[in-house]
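Chemist: Pasting the sequence and the predicted coordinates here, then a few questions.
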Amino acid sequence: MLNGYFQGERVGSGTHLWRFSEAVKAGEMTQEDFLQAEQSMSRSSGTCNTMGTASTMASMAEALGMALSGNAAIPAVDSRRRVLAQLSGRRIVQMVKDDLKPSDIMTRVAFENAIRTNAAIGGSTNAVIHLLAIAGRIGVDLTLDDWDRFGRDVPTIVNLMPSGEYLMEEFFYAGGLPVVLKRLGEAGLLHKDALTVSGGALWDEVKDVRNWNENVIFPEGKALAASGGIVVLKGNLAPNGAVLKPSAASPHLMVHRGRAVVFEDIDDYKAKINDEALDIDETCIMVLKNCGPRGYPGMAEVGNMGLPPKVLRKGITDMVRISDARMSGTAYGTVILHAAPEAAAGGPLAVVRTGDMIALDVHARSLTLEVSDVELAERLAAWRPVHQPVSTGYIWLHQQHVGGADTGADLDFLKGCRGSAVGRESH
């Protein structure tokens with residue numbers, strides 16, 4: 001969508017929705033102004049104008065080589081979007097004639113390029129699940145640990161909300177994703193010979209582009225976050241991993257120890273969060289269970305839990321939050337997501353109790369529930385599902401076959417069913 005503006009301020013869809021809704025709860029914004037702001041942030045057709053999940057995945061498609069160069073950032077209503085659509089249609093016909101297949105393009109090195117690109121743009125945590133699922137379908141060996149390994153030392157250089165200041169329209173005018181890819185290549189962080197749908201190498205597509213606005217796409221030596229890649233946290237609370245987006249988190253909460261305040265599911269959260277009697281302050285850690293792939297079911301975007309009004313009224317804008325859910329790419333904060341195994345599958349998250357102490361150390365990549373191994377084992381042995389399992393229909397099918405967030409939350413019978421994975425089996 002085109003940029004949004006409200007009362008002289010640039011506003012981003014999603015990102016400002018969260019901020020303004022918190023301001024209403026804190027008594028800092030009227031409901032009338034909130035509704036006016038909502039109209040101001042969605043001025044045209046198109047996806048979210050922040051670096052949300054849609055813009056992130058458009059960037060991932062381009063970084064993977066699966067979209068024509070420059071595709072990711074063109075505004076929906078810009079005439080150049082139609083031009084590129086026509087060029088894409090022409091190109092895919094020629095790809096069929098040339099027998100150039102997606103499995104020829106989406107190789108291991110392409111996924112490594114995409115992971116590093118996600119770090120550079122401050123992309124959505126949802127990209128983790130999507131790329132793991134895509135790789136799983138086509139038989140590329142990609143793991144959650146790869147996200148930390150390849151993204152760890154990549155700086156975030158795109159100054160877009162929710163991590164930064166600008167919006168996608170300005171990103172396009174600055175040169176878009178080709179400029180980012182060029183920067184990665186110059187820093188030795190890009191597989192330059194990766195094949196794209198153009199039929200040529202990725203580097204040939206971007207090597208001659210220019211950065212037209214260094215306030216939007218930072219030059220060498222400047223970054224929003226020196227280490228912008230998705231952080232993968234592990235520990236007894238999430239043995240299979242959980243993720244955090246450091247470019248959108250609060251530096252002072254990167255190392256934190258707090259008392260857990262537990263919500264058994266999203267309905268429990270909604271029933272309690274506005275209660276002035278809720279025993280919670282800004283030092284606590286909010287824990288939300290049963291919102292993962294199997295648990296909700298479907299893993300909705302509820303992980304960026306809004307803070308309690310009584311905390312917001314203190315001027316506090318962030319707390320550590322942990323769940324097995326997802327969150328919108330437009331959201332921000334020190335939010336730990338995709339905890340695996342999820343609560344509904346009997347993961348350790350399921351047995352966290354209000355009052356437990358939890359320790360987070362992002363630098364050490366650790367997430368620890370401070371109970372003894374013996375007590376944790378006893379709790380897990382006594383655990384029973386909060387919700388009765390469904391015995392028929394598509395929900396049953398989903399719950400029986402969906403994998404964890406750490407492997408892409410895909411259905412097990414769809415793994416290895418496409419592209420090079422099928423080709424290997426047929427030979």
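Modeler: It's in. Numbers count the residues shown, from 1 in each chain.
Chemist: where do the strands sit along the stretch 251-400 of the chain?
Modeler: 255-263, 285-288, 320-323, 335-340, 357-361, 366-369 (DSSP state E, counting those that start in this stretch).
Chemist: partners of the fifth one in the sheet?
Modeler: Strand 357-361 sits in its sheet next to strand 255-263 (antiparallel), strand 366-369 (antiparallel), going by DSSP bridges.
Chemist: Ser323 is nearest to which of those?
Modeler: Taking C-beta to C-beta, strand 255-263 is the member of the strands paired with strand 357-361 nearest to Ser323, at 8.7 Å. In this view, the C-beta of every residue, glycine as well, is placed from N, C-alpha and C.
Chemist: got the CA positions of the closest one in PDB?
Modeler: Listed next in PDB are the C-alpha coordinates belonging to strand 255-263 (Å, rounded to 0.1, in the frame of the first residue of the first chain):
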ATOM      1  CA  VAL A 255      19.100 -10.500  29.200                       C
ATOM      2  CA  HIS A 256      16.200 -10.700  31.600                       C
ATOM      3  CA  ARG A 257      15.000 -12.800  34.500                       C
ATOM      4  CA  GLY A 258      11.300 -12.500  35.500                       C
ATOM      5  CA  ARG A 259       8.300 -14.100  37.200                       C
ATOM      6  CA  ALA A 260       6.000 -16.000  34.800                       C
ATOM      7  CA  VAL A 261       2.400 -14.800  34.400                       C
ATOM      8  CA  VAL A 262       0.700 -17.700  32.600                       C
ATOM      9  CA  PHE A 263      -2.300 -17.700  30.200                       C
END
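Chemist: Let me know the average pLDDT across that strand.
Modeler: Averaged across strand 255-263, the pLDDT comes to 98.
Chemist: Deepest-packed of the strands paired with strand 357-361, please.
Modeler: Most buried of these, by mean neighbour count (mean count of other C-beta atoms under 10 Å): strand 366-369, with a mean of 21.
Chemist: Alpha carbons of it, as CSV, please.
Modeler: Taking Å, rounded to 0.1, in the frame of the first residue of the first chain, the C-alpha atoms of strand 366-369 are listed here in CSV:
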residue,chain,number,x,y,z
SER,A,366,19.3,-19.6,26.1
LEU,A,367,15.7,-19.7,27.5
THR,A,368,15.5,-21.4,30.8
LEU,A,369,12.6,-22.4,33.1
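Chemist: ok, and what's touching that strand?
Modeler: 233-238, 242, 322, 336, 339, 348, 352, 356-360, 376 (C-beta atoms under 8 Å, 6 or more residues apart in numbering).
Chemist: got the contact list for the residue nearest the centre of the chain?
Modeler: Centroid-nearest residue in the chain, with C-alpha atoms, centre = their mean: Thr125, separated by 1.4 Å. By C-beta under 8 Å, 6+ apart, Thr125 lies in contact with Ile230, Val243, Leu244, Lys245, Arg326, Met327, Gly329, Leu337, His338.
Chemist: Kindly recompute the last result at 7 Å.
Modeler: When contacts are counted by C-beta atoms under 7 Å, 6 or more residues apart in numbering, Thr125 touches Ile230, Val243, Lys245, Met327, Leu337.
Chemist: so how far is Gly27 from the second one?
Modeler: To Gly27, Val243 is 33 Å away according to C-beta to C-beta, to the nearest Å.
Chemist: now do the first one
Modeler: According to C-beta to C-beta, Ile230 and Gly27 sit 35 Å apart.
Chemist: Looking at these two, which has the bigger crowd around it?
Modeler: Just comparing Ile230 and Gly27: by other C-beta atoms under 10 Å the higher neighbour count belongs to Ile230, 25 against 10.
Chemist: In space, what's closest to the more buried one - neighbours in sequence excluded?
Modeler: With C-beta to C-beta, 6 or more residues apart in numbering as the criterion, Ile230 has its nearest non-adjacent residue at 4.8 Å, and that residue is Trp147.
Chemist: Was I right to think that neighbour contacts Leu233?
Modeler: No. Using C-beta atoms under 7 Å, Trp147 and Leu233 do not qualify as a contacting pair, with a distance of 11.4 Å.
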